[in-house]
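Participant: Using only what follows, build the 3D model:
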Amino acid sequence: MSVTLRKLSHALGAEVVGTDLSQPLGNAAFAAIHDAFLSHGGVLLFRNQQALTREGHIAFSRRFGELDRHDNLPRDRHPEYPELLMVTNAPKPDGKPGDGKYTGQLWHSDLSFTLVPAMASVLRAIAVPPVGGDTMFANMTLAYEQLSDGMKRIVAGLDGIHTGTRKIVDLSADRAEESRRLNPPIAQPVVRVHPETGRKALYIGEKVKCFAGMTEAESQPIIDFLCRHCFRPQFCYRHAWQPGDVLMWDNRSTCHVALGDYEDGFARHLERTTIMGTPSGYVLN
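Facilitator: Numbering: from 1, shown residues only. As a prediction, this is how the structure comes out:
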């Protein structure tokens with residue numbers, strides 16, 4: 001069985017047209033969606049999914065693999081559905097801005113700061129600003145393939161140090177210690193091989209400040225070059241959210257960033273499932 005697809009950009013991404021994820025999805029349809037996921041750079045969009053419930057969101061995501069329960073981000077998961085991570089700017093009870101206002105505003109790959117980085121993420125838009133709050137994606141496979149042979153040799157043996165650091169409004173000493181305890185620095189290879197396509201991709205982002213065995217001063221010029229290279233427009237797709245959008249992406253071959261370019265006062269509420277990948281990396285001593 002085939003599905004109807006519409007390309008989203010030259011670099012990556014496709015919209016799956018006319019599929020209602022709130023309805024049962026047969027094995028043939030799921031296989032076609034999975035094939036499209038791998039063959040279109042790792043970004044798939046499903047529009048007009050307002051009828052999809054939280055239970056349905058979780059069930060669809062689980063078709064792709066085991067779901068993370070977000071134990072490393074306990075304050076951000078839904079209290080009744082630990083498989084759902086809340087990406088929201090809803091204010092806290094004391095009136096302070098929600099931590100989710102700043103979620104994802106550096107180029108990154110989900111859960112790269114853990115020993116089981118995400119295979120994929122499925123994000124459902126419930127409320128979005130009328131303008132802004134977009135998300136950008138970069139095709140890290142294309143970015144790797146267009147490096148020179150000399151640079152490929154340089155990065156082949158490097159491990160980037162990934163941290164879960166992010167901007168928090170009320171970052172107390174206790175909360176900073178909790179973050180360090182739950183998410184110690186993890187070293188990940190800069191070049192990873194996709195387990196399903198066999199293609200190599202860069203595994204780097206703006207949260208990586210150093211390479212294992214190198215100083216920050218030695219590392220930063222290479223990190224800066226790689227980030228400039230990977231996040232050029234020709235490797236990217238920019239998604240303008242609509243309520244009811246479901247967008248899934250492959251964290252093994254893409255990198256993404258949330259753009260905070262929207263006016264204060266507008267709600268931005270999305271909910272994410274995270275599909276666990278294969279173990280990778282090591283804790284930095």
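Participant: Which strand in this structure has the most residues?
Facilitator: Determined from DSSP state E, the single longest strand within the chain is strand 118-127.
Participant: Convert the C-alpha atoms of that one to CSV, please.
Facilitator: Provided in CSV are the C-alpha atoms of strand 118-127 (Å, rounded to 0.1, in the frame of the first residue of the first chain):
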residue,chain,number,x,y,z
ALA,A,118,16.2,9.2,20.9
MET,A,119,15.5,7.3,17.7
ALA,A,120,12.6,9.6,16.8
SER,A,121,10.3,12.2,18.3
VAL,A,122,6.6,12.8,17.5
LEU,A,123,5.4,16.3,18.4
ARG,A,124,1.7,17.2,18.4
ALA,A,125,0.6,20.9,18.2
ILE,A,126,-2.3,21.8,20.4
ALA,A,127,-2.0,25.6,20.6
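Participant: Give me the three-state assignment for the closest residue in space to Val3 that isn't next to it in sequence.
Facilitator: In this structure, Val3 finds its nearest non-sequential neighbour in Ala32, 4.6 Å apart by C-beta to C-beta, 6 or more residues apart in numbering. Bear in mind the C-beta positions are built from the backbone N, C-alpha and C, glycine included. Assigned by DSSP: H, G, I helix; E, B strand; the rest coil, the conformation of Ala32 is helix.
Participant: For Ala32, give me the pLDDT.
Facilitator: Here the pLDDT value assigned to Ala32 is 96.
Participant: What about it, how many residues nearby?
Facilitator: By the criterion of other C-beta atoms under 10 Å, Ala32 has 19 neighbours.
Participant: repeat for the one 4 residues further on
Facilitator: Other residues lying near Ala36 total 17 when counted by other C-beta under 10 Å.
Participant: for Pro189, same thing?
Facilitator: Based on other C-beta under 10 Å, the number of other residues close to Pro189 is 17.
Participant: What of Val43?
Facilitator: Counted with other C-beta under 10 Å, residues neighbouring Val43 total 25.
Participant: what's the answer for the one 3 residues further on, then?
Facilitator: Burial measure for Phe46: 22 neighbouring residues, criterion other C-beta under 10 Å.
Participant: Can you pull the phi and psi angles for it?
Facilitator: Phe46 has phi and psi values of phi -120, psi 110 when expressed as degrees, to the nearest 10.
Participant: Moving C-terminal from the lowest-mean-pLDDT helix or strand in the chain, which element do we reach first?
Facilitator: Within the chain, no helix or strand scores below helix 173-182, which has a mean of 52 by mean pLDDT, DSSP states H and E. Using DSSP states H and E, the helix or strand that follows helix 173-182 towards the C-terminus is strand 186-189.
Participant: As PDB, could you dump the C-alpha coordinates of that following strand?
Facilitator: Extracted in PDB, the C-alpha atoms of strand 186-189 (Å, rounded to 0.1, in the frame of the first residue of the first chain):
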ATOM      1  CA  ILE A 186      27.800  12.200  27.900                       C
ATOM      2  CA  ALA A 187      30.400  11.800  25.200                       C
ATOM      3  CA  GLN A 188      28.900  10.800  21.800                       C
ATOM      4  CA  PRO A 189      30.700  10.100  18.500                       C
END
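Participant: which secondary structure elements does the next helix or strand after it contact?
Facilitator: Later in the chain than strand 186-189, the nearest helix or strand by DSSP H and E is strand 191-193. Packing contacts for strand 191-193, counted by 3 or more C-beta pairs under 8 Å, 6 or more residues apart in numbering; DSSP states H and E, involve helix 149-156, strand 200-202.
Participant: For Arg54, which of those is the nearest?
Facilitator: Between Arg54 and the helices and strands packed on strand 191-193, the tightest spacing by C-beta to C-beta is seen for strand 200-202, at 31.1 Å.
Participant: Run me through the strand neighbours of that closest one, direction for each.
Facilitator: strand 191-193 (antiparallel) (DSSP bridges).
Participant: remind me which residues of this structure are low pLDDT?
Facilitator: Where the chain drops to pLDDT under 70, the residues are 1, 93, 95-102, 165-183.
Participant: what are the ranges of the helices in this protein?
Facilitator: Along the chain, the segments classed as helices by DSSP state H run 27-39, 54-62, 140-145, 149-156, 173-182, 216-230.
Participant: could those helices go into a markdown table alongside distance to Glu271?
Facilitator: Output for these, formatted as a markdown table (distance: least, C-beta to C-beta, whole Å):
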| stretch | distance to Glu271 |
| --- | --- |
| helix 27-39 | 20 |
| helix 54-62 | 7 |
| helix 140-145 | 25 |
| helix 149-156 | 35 |
| helix 173-182 | 21 |
| helix 216-230 | 27 |
